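Asks: quick one, what's the 3D model for this:
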Amino acid sequence: MDMNKTRLMGILLAGGRGERMGSRPKALLPIGESTFMGVIISVMMKAGIEDITVVLGFHADEVRPFVPEGVDIAVNPKPEMDMLSSLLTGLESASAEHTGGLIALTDYPLVKLSTYSKLIEEHRRNPGCIISPVHNNHGGHPVIFPRVLFDELATAPLEVGARHVVRANPDLRRFVPVDDPGICIDVNTPELYEKHIASKIGEISW
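Replies: Below you'll find the predicted structure:
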């Protein structure tokens, strides 16, 4: 495949119930002058991803009005199922031109722009591989799945999820070292929100 012809789609999974965070959808939690969803989409765009789909589920009616213009919306009809069902809902938006999907989670709003850029560059070099960031020997998010594995994702057991495809294809894995602890910071409780975001607004930089 010609490296210059790769084209990723971005999928932001924002359809979870988010019970541990309270009644407010995580996608709409404030971070600086934006929201978790707004920050992640903005960073994706700055990294050069033109085609972005936000997958909604629980709280869809509440979140939908805040999805930025130009971003597609897909609604998982069964958000109570495994996260893989939301991923597959997002992949339904993939066109024949897309060489892979960059999958981001709304719980990880602190990932740096440089990390997205490095993952995208690695996809250009290895468009048939699963690409993950690594910080201090710990893997994190987002993750890129190549088009050649979309069908495997569609048939993976829901109870295992995308991990089934990752484990079944060890030779296709590529790890990108990044200086970015944000890839491992899952902000999914009020305590973690206070620790990593509310108390450090002045320090956050992308």
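
Asks: and residue 56, helix, strand or coil?
Replies: At residue 56 the chain is in strand, as set by DSSP: H, G, I helix; E, B strand; the rest coil.

Asks: thinking it is in contact with residue 72, fair?
Replies: No. Residue 56 is beyond contact range of residue 72, at 10.9 Å (criterion: CB atoms under 8 Å). Quick note: C-beta positions are derived from backbone N, CA and C, even for glycine.

Asks: got the phi and psi for residue 139?
Replies: With angles defined as degrees, to the nearest 10, residue 139 sits at phi -80, psi 160.

Asks: can you report how many residues lie near residue 117?
Replies: 15 (other CB atoms under 10 Å).

Asks: next one: the residue nearest to the spatial centre of the chain, what pLDDT does it get?
Replies: Residue closest to the average C-alpha location in the chain (CA atoms, centre = their mean): residue 104, at 0.4 Å. You'll see residue 104 listed with a pLDDT of 98.

Asks: just give the nearest non-adjacent residue to it, would you?
Replies: Closest residue to residue 104 in three dimensions, ignoring its sequence neighbours and counting by CB to CB, 6 or more residues apart in numbering: residue 142, at 4.1 Å.

Asks: ok, now which ones touch that neighbour?
Replies: 102-105, 108, 111, 116, 119, 133, 183 (CB atoms under 8 Å, 6 or more residues apart in numbering).
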